[in-house]
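Engineer: no sequence for this one, just the structure:
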């Protein structure tokens, strides 16, 4: 008899416990849920500033953030500086939400801070950010190609493996097509879940992809950038007019990162790119955009873009160009082949959609049916690049060394055979 009643007692106990927990949670929220989709983005000068964005309900009108120099003490609230947040309403169709953003400025270089955001009086957890050094100190960053398919189910393991392999990474660079449907809020939710809390402590530099554009009307030929982009990311507005936050540059410890929008205004961006790189004093130049200048997939070639942008990349001796779009892996050799020159061109993919191989004569290393992450380590005179598969295996590696005006390139590993799809 007691045995038969036990499940009922357990069920009642669980229900009471969950009910109490639910009431405690509701009371703690003060009418507003805690911030979600927290993401840290760079300002143009990463040694003195950073921006953060998060989501809250549409009826919150007093969002804010706090920041304090982190001395390791738990008693940080009292000395934290408060900053009011800006709000942008995002219409999801059936409902509306707000994305709040704050730019922390006047920070000390090479210093660790703690920060948090609030929807009304409901705070997020404390996150940690570290400003860049003013000098060319060594650092590591990660690169991910198109993450648009299998975002939560498959890309998560790739991104998290990269974070385990490079726990000291200071930036995460994304090559466009972050989602497959421009304004799918559920897909964007998967994208934010993919890196989780790391989004709030590691600077994110995203490039725009064609899948972040949607038709202006169901039968229209014209397209526009999804409203999710500028609501979710607080990025530098130092690029071409009309392409705010999808064309920008960032300096970080001796590297100038330039992010281009390969969907719009390529001529205007060519002129802007030339001006941004003229007089650049950084040791390294890394350029990021979505549509590759040298394509590795079947029936794809961006000849007009190559004619516009490659002469500028050549003239300014750009070191590394990171691209996506083609859903294969390809890496050029600057000393030989159709892409020979000063620059190393890389195409990579993190998502599950994979393409047929096309003309790959330009690629010194190639691969298909791979989910990849890239770890790039930089110091004043050396750039080390590694491409890893989802299980952590090394697929490609090279090094660029600089000594004055002399630049040398060498492949630094002898990985296994190229992974190519069998012909049907």
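Structural biologist: Perfect, I can see it now. A quick note: this is a predicted structure, and the numbers were derived from the prediction, not measured. Numbering: from 1, shown residues only.
Engineer: Straight-line length of stretch 215-223, end to end?
Structural biologist: Stretch 215-223 has its terminal residues 4 Å apart, counting by CA to CA, to the nearest Å.
Engineer: pLDDT on it, on average?
Structural biologist: For stretch 215-223, mean pLDDT is 84.
Engineer: Now do it: everything it contacts.
Structural biologist: Stretch 215-223 is contacted by residues 213, 214, 224, 263 when judged by CB atoms under 8 Å, 6 or more residues apart in numbering. Where C-beta positions appear, they are placed from N, C-alpha and C, glycine not excepted.
Engineer: rerun at 10 Å
Structural biologist: Residues outside stretch 215-223 that contact it (CB atoms under 10 Å, 6 or more residues apart in numbering): 182, 210, 212, 213, 214, 224, 263, 264.
Engineer: just those residues now: which is nearest residue 234?
Structural biologist: Using CB to CB, residue 212 comes nearest to residue 234 of the contacts of stretch 215-223, at 16.2 Å.
Engineer: Correct me if wrong: that closest one contacts residue 148.
Structural biologist: Yes. Counting by CB atoms under 10 Å, residue 148 is a contact partner of residue 212 at 9.4 Å.
Engineer: between these two, what contacts are shared?
Structural biologist: 176, 177, 178, 179, 180, 181.
Engineer: how deep is the residue nearest to the fifth one when sequence neighbours are not counted tucked in, by neighbour count?
Structural biologist: Distances taken as CB to CB, 6 or more residues apart in numbering place residue 148 nearest to residue 180, at 4.1 Å, with adjacent residues excluded. Burial of residue 148 is recorded as 26 neighbouring residues (other CB atoms under 10 Å).
Engineer: One more: residue 369?
Structural biologist: 15.
Engineer: Quick check, pLDDT for residue 273.
Structural biologist: Looking at residue 273, the pLDDT reads 98.
Engineer: low pLDDT regions in the stretch 1-150 of the chain?
Structural biologist: Across the stretch 1-150 of the chain, the ranges flagged by pLDDT under 70 are 1-31.
Engineer: Could you pull out the helices in it for me?
Structural biologist: In the stretch 1-150 of the chain, the segments counted as helices under DSSP state H, counting those that start in this stretch are 2-29.
Engineer: Okay, domains of this protein per the record?
Structural biologist: 1-30, 36-130, 139-411 (automatic domain parsing).
Engineer: Tabulate those (TSV), appending distance to residue 419.
Structural biologist: Output for the domains of the chain, formatted as TSV (distance: least, CB to CB, whole Å):
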stretch	distance to residue 419
domain 1-30	48
domain 36-130	33
domain 139-411	5
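Engineer: Select, out of those, the one closest to residue 420.
Structural biologist: Checking the domains of the chain against residue 420 by CB to CB gives domain 139-411 as the closest, at 5.5 Å.
Engineer: gap between the two ends of the closest one?
Structural biologist: When the termini of domain 139-411 are compared using CA to CA, they are 21 Å apart.
Engineer: Kindly report the same for stretch 158-175.
Structural biologist: Distance across stretch 158-175, first residue to last, is 15 Å (CA to CA).
Engineer: what separates it from the chain centre, distance-wise?
Structural biologist: Stretch 158-175 sits 10 Å away from the centroid of its parent chain (CA atoms, centre = their mean, to the nearest Å).
Engineer: again with stretch 58-76
Structural biologist: Averaging C-alpha positions (CA atoms, centre = their mean) puts stretch 58-76 24 Å from its chain's average.
Engineer: what's the first-to-last distance across it?
Structural biologist: Its first and final residues considered, stretch 58-76 spans 29 Å by CA to CA.
Engineer: before we move on, what about stretch 126-143?
Structural biologist: Counting by CA to CA, the terminal residues of stretch 126-143 are separated by 26 Å.
Engineer: List the buried residues of that stretch.
Structural biologist: Of all the residues in stretch 126-143, those buried under the rule 16 or more other CB atoms under 10 Å are 126-127, 129-133, 136, 139-143.
Engineer: Determine which two of these are furthest apart.
Structural biologist: Maximum distance among those (CB to CB): 30.0 Å, for 126 and 136.
Engineer: State the mean pLDDT of stretch 347-361.
Structural biologist: Averaging pLDDT along stretch 347-361 gives 95.
Engineer: Next, find the distance separating residue 157 from residue 392.
Structural biologist: Distance, residue 157 to residue 392, using CB to CB, to the nearest Å: 10 Å.
Engineer: and what of residue 171?
Structural biologist: From residue 171 across to residue 392, the span is 20 Å (CB to CB).
Engineer: more crowded one of those two?
Structural biologist: Neighbour totals were compared for residue 171 and residue 392, and residue 171 leads with 23 against 12 (other CB under 10 Å).
Engineer: Now that one. Nearest residue, chain neighbours left out?
Structural biologist: Leaving aside its chain neighbours, residue 171 sits nearest to residue 141 (4.0 Å; criterion: CB to CB, 6+ apart).
Engineer: now the one you found, which residues is it bridged with?
Structural biologist: In this entry, residue 141 is beta-bridged to residue 171, residue 376, by DSSP bridges.
Engineer: so who does it touch?
Structural biologist: Per CB under 10 Å, 6+ apart, neighbours of residue 141: 166, 169-173, 202-203, 205, 252-253, 255, 257, 286, 374-378.
Engineer: can you do 8 Å?
Structural biologist: Applying CB under 8 Å, 6+ apart, the residues near residue 141 are 169, 170, 171, 172, 173, 252, 376, 378.
Engineer: can you check residue 171 too?
Structural biologist: Here residue 171 is in contact with 42, 139, 141, 142, 202, 203, 204, 205, 252, 257 (CB under 8 Å, 6+ apart).
Engineer: what's the most distant pair in those residues?
Structural biologist: 139 and 204 (15.1 Å).
Engineer: My guess is residue 39 contacts residue 205. True?
Structural biologist: No. The pair residue 39 and residue 205 does not pass the contact test of CB atoms under 8 Å, sitting 11.3 Å apart.
Engineer: which residues in the stretch 201-350 of the chain form strands?
Structural biologist: Assigned by DSSP state E, counting those that start in this stretch, the strands in the stretch 201-350 of the chain fall at 203-206, 213-215, 223-225, 248-252, 255-259, 284-288, 320-323, 329-332, 344-347.
Engineer: Contacts made by the first one with the rest, please.
Structural biologist: Right, strand 203-206. Counting by CB under 8 Å, 6+ apart, strand 203-206 makes contact with 39-42, 46, 50, 170-174, 176, 178, 233, 235, 250, 252, 257, 259, 288, all of which sit outside it.
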